[in-house]
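Novice: Sequence and predicted model, in that order:
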Amino acid sequence: MKKTLLATLFAASLGAIAIPASAAIYVHVAPPEPRYESVPQPRRGYVWAPGYWDWRGNRHVWVSGHWVRERRGYYYDNARWVERNGGWYMERGRWQRGDRDRDGIANYQDRDRDGDGVRNRDDRAPDNPRRY
């Protein structure tokens, strides 16, 4: 009897768990065009996360840009909507590992992709090797 009661209570409690804000969002309604926001002056120790359209209550709702505390060795990947299989999938803003020089470009993207001897961040055509 006790085992059955405990199992029932446990199963009922699973239904009461809230879905986290980071849960995947997939909708069939395209987001509106992003709104223009003026970016404030840089703030030491923070990164600007631009505004984006979120999905709440079966509709798109604008979330204004905000400052996010900087994380050494990471870069901030902004929230965005991606079209997939006839619908729209939201990729939430998140920190990505690997920005040692803090230029906003991940280290794996900051190398010399085209092999011309010029690092991508200093190369005007990073995917176009020089021909001699």
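Specialist: Yep, it's here.

Novice: And the strand or helix carrying residue 88, what does it pack against?
Specialist: Under the criterion of DSSP states H and E, residue 88 resides in strand 87-91. Counting contacts by 3 or more CB pairs under 8 Å, 6 or more residues apart in numbering; DSSP states H and E, strand 87-91 packs against strand 25-27, strand 80-84. The C-beta positions use only the backbone N, C-alpha and C, and glycine is treated the same way.

Novice: Which neighbours in the sheet does the shortest one have, and how are they oriented?
Specialist: Spelled out, that is strand 25-27. Within its sheet, strand 25-27 is paired with strand 87-91 (antiparallel), according to DSSP bridges.

Novice: what sits up against the helix or strand that the partner strand is followed by?
Specialist: The helix or strand immediately downstream of strand 87-91 is strand 94-97, counting by DSSP H and E. Under the contact criterion CB atoms under 8 Å, 6 or more residues apart in numbering, strand 94-97 has outside partners 71, 73-77, 106.

Novice: Among these, which one sits closest to residue 64?
Specialist: Among these, residue 76 lies closest to residue 64 (CB to CB), at 15.8 Å.

Novice: Which parts of the host helix or strand of the closest one count as buried, going by neighbours?
Specialist: Assigned by DSSP H and E, residue 76 falls within strand 74-77. Within strand 74-77, the residues scored as buried using 16 or more other CB atoms under 10 Å are 74-76.

Novice: Tabulate those residues in JSON lines, adding columns for distance to residue 125.
Specialist: Below are the buried residues of strand 74-77 laid out as JSON lines (distance: CB to CB, whole Å):
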{"residue": "74", "distance to residue 125": "28"}
{"residue": "75", "distance to residue 125": "23"}
{"residue": "76", "distance to residue 125": "26"}
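
Novice: With pLDDT and distance to residue 67 added, can I get those in JSON lines?
Specialist: Conversion of the buried residues of strand 74-77 to JSON lines gives the following (pLDDT from 0 to 100; distance: CB to CB, whole Å):
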{"residue": "74", "pLDDT": "81", "distance to residue 67": "15"}
{"residue": "75", "pLDDT": "81", "distance to residue 67": "15"}
{"residue": "76", "pLDDT": "85", "distance to residue 67": "11"}
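
Novice: No more questions from me, cheers.
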